[in-house]
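[1] no FASTA, just this:
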């Protein structure tokens, strides 16, 4: 009998940038799931207002937080191009996983940060876990909010991004004058 509720959890996030809300989802997944896969979406876009960071930087932000933890071996982080076809999105994602991670079982649970984010997968998963970003005991945060803070030089962004990633953020948003 496994100590985990699920065998393989999946979540898709853009992580533009990776913030404490994303971290909350991954921490819950690691508590609940034997294996955890994070797909970073929109890897075909970078340097835009909505998607300023490239895939490698976003992946590194997650690795910076988890690589020195005992759970890191159970965590996979991969990138995926978007298809702009909501009706086929869940099937596209699951087919991509079976082709690119054949050593892992099909995910048996999908984790989302909102009911809206989860609805794309309701027909593909028997189990969906929504980690509420609007819980009264957790600060509300969105990537759009953080990109706006960075754009206008509002240093409160540091309250929502792990200190391990502050330097990466500063390099990508201030020193390189990224388009945000």
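    Okay, I see it. None of the values given here were measured: they were computed from a predicted structure.
[2] what's the helix or strand hosting residue 110 in contact with?
    Using DSSP states H and E, residue 110 falls within strand 109-112. Contact partners of strand 109-112, identified using Cβ atoms under 8 Å, 6 or more residues apart in numbering, comprise 5-6, 8-11, 25, 28-29, 32-33, 118, 121, 124-125, 127-131. Placement of C-beta: from N, CA and C, glycine included.
[3] how far does it sit from its chain's centre?
    Strand 109-112 has its C-alpha centroid displaced from the chain centroid by 11 Å (Cα atoms, centre = their mean, to the nearest Å).
[4] where do the helices sit along this structure?
    Along the chain, the stretches classed as helices by DSSP state H are 20-32, 55-66, 89-100, 115-119, 143-151, 166-170.
[5] so for the third one, what gets flagged as buried?
    Judged by neighbour count (16 or more other Cβ atoms under 10 Å), helix 89-100 contains these buried residues: 89-90, 93-94, 97.
[6] try the longest one
    Neighbour counts over helix 20-32 (16+ other Cβ under 10 Å) mark 20-30, 32 as buried.
[7] make TSV out of these and add pLDDT and distance to residue 146.
    Converted to TSV, the buried residues of helix 20-32 look like this (pLDDT from 0 to 100; distance: Cβ to Cβ, whole Å):
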residue	pLDDT	distance to residue 146
20	95	10
21	94	10
22	96	11
23	96	13
24	95	15
25	97	16
26	98	17
27	97	19
28	97	21
29	98	21
30	98	23
32	98	26
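[8] show me which pair in these is furthest apart.
    Pairwise distances across those peak at 18.6 Å for 20 and 32 (criterion: Cβ to Cβ).
[9] the bottom helix or strand of the protein by mean pLDDT?
    Counting by mean pLDDT, DSSP states H and E, the weakest-scoring helix or strand in the chain turns out to be helix 115-119, with a mean of 92.
[10] what is residue 8 paired to in the beta sheet?
    Taking DSSP bridges as the rule, residue 8 bridges to residue 35.
[11] so it makes contact with residue 38?
    No. Using Cβ atoms under 8 Å, residue 8 makes no contact with residue 38, being 11.9 Å away.
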